[in-house]
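Colleague: Attaching a predicted model along with its sequence, questions to come.
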Amino acid sequence: MMFRTKLHKYCVIRIFYSILSVQIDTMYTKLTLKLNAEIIEEAKKYAKESNTSLSKLIENYLSAITTNKSIKRKVNPIVESLTGIITLDDKKDYRKSYTKYLEEKYK
């Protein structure tokens, strides 16, 4: 590899060393999964379109669902004060009622 300047050479070597040290510090373990063949094929297509590997996609997904669980959203004080004001009838199917309302509205 031809280096344009000493600084260029230093930067390339430093970046290479950083990448190498990250790869050494990260432990990878093989995981075997049994999945639907169609899902695997679609996931492979998606990974290829995203310029990533299927392993990296799964790793990112698992990382996303296992981190940040302790993050709790702050509730606006006004919303907090309104919590519990309305009591709903447990026996009534509100989804069915709303569907019926929409059917009548858009006849």
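Modeller: Looks like it came in fine. Residues are numbered from 1 along each chain as shown.

Colleague: mind showing which ranges of this protein have poor pLDDT?
Modeller: For the chain, the stretches flagged by pLDDT under 70 are 1-26, 68-73.

Colleague: Spell out, range by range, the helices that occur in it.
Modeller: With DSSP state H applied, the chain shows helices at 6-25, 37-49, 54-66, 77-82, 94-105, listed in chain order.

Colleague: Flag every buried residue along the second one.
Modeller: Which is helix 37-49. By neighbour count on 16 or more other Cβ atoms under 10 Å, the buried set for helix 37-49 is Ala47. Any C-beta I mention is one placed from the backbone N, CA and C, and that applies to glycine too.

Colleague: residues touching Ala47, list them.
Modeller: Ser53, Leu54, Lys56, Leu57 (Cβ atoms under 8 Å, 6 or more residues apart in numbering).

Colleague: Buried by neighbour count, from those: which ones?
Modeller: In the contacts of Ala47, nothing passes as buried (16+ other Cβ under 10 Å).
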